[in-house]
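In: Model the following, please.
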Amino acid sequence: MSEDIDVKLELMVAQFYQSLGINQGPGDIQYRLILKVLEKNEGRITEFSEIRKYTDQFADRGSIGSKMKTVFQLEGLVKKIKRGGYIITDKGLTAANFLNSTTAFYKKTKRVGEIIERMP
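Out: Modelled structure (predicted):
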């Protein structure tokens with residue numbers, strides 16, 4: 001498994017995109033965390049409890065379960081393997097790659113902003 005998910009960074013990125021008026025996808029902390037967990041477990045079944053480990057601080061279980069059904073399964077980002085078990089699809093990996101790009105853009109924007117602040 002890869003490194004642990006940086007929840008604080010994901011929250012800052014989501015808030016950045018929300019400030020731009022993007023509330024779904026890159027601006028939705030639940031969406032970001034769910035995809036990050038699924039991506040981290042690529043090639044194996046992700047248990048619902050693994051997802052909740054990260055999302056519980058931002059949403060209740062019903063909200064995450066609903067998002068799994070209405071967004072992730074319906075849009076084909078995950079495939080339900082068993083009760084409480086999901087595997088990320090190629091479409092889900094594409095969405096995860098997009099989130100990685102949004103994180104990179106956030107970091108670059110933040111770095112440029114810091115440089116501009118230091119300019120005389």
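In: next helix or strand past the worst-scoring helix or strand of the chain on mean pLDDT?
Out: Sorted by mean pLDDT, DSSP states H and E, the helices and strands of the chain end with helix 61-67, the least confident at a mean of 86. Counting by DSSP states H and E, the element after helix 61-67 in chain order, helix or strand, is strand 78-82.
In: tell me the mean pLDDT for whichever helix or strand comes after that following strand?
Out: Toward the C-terminus, strand 78-82 is succeeded by strand 85-88 as the next helix or strand (DSSP H and E). Strand 85-88 shows a mean pLDDT of 96.
In: I figured Ile88 hits Lys36, correct?
Out: No: between Ile88 and Lys36 there is no contact under CB atoms under 8 Å: 10.6 Å. To be clear about C-beta, it is placed using only N, CA and C from the backbone, and glycine gets the same treatment.
In: Contact partners for the residue most central in space within the chain?
Out: The centre of the chain sits closest to Arg32, judged by CA atoms, centre = their mean, with a distance of 1.4 Å. By CB atoms under 8 Å, 6 or more residues apart in numbering, the contact set of Arg32 is 10, 13-14, 26, 99.
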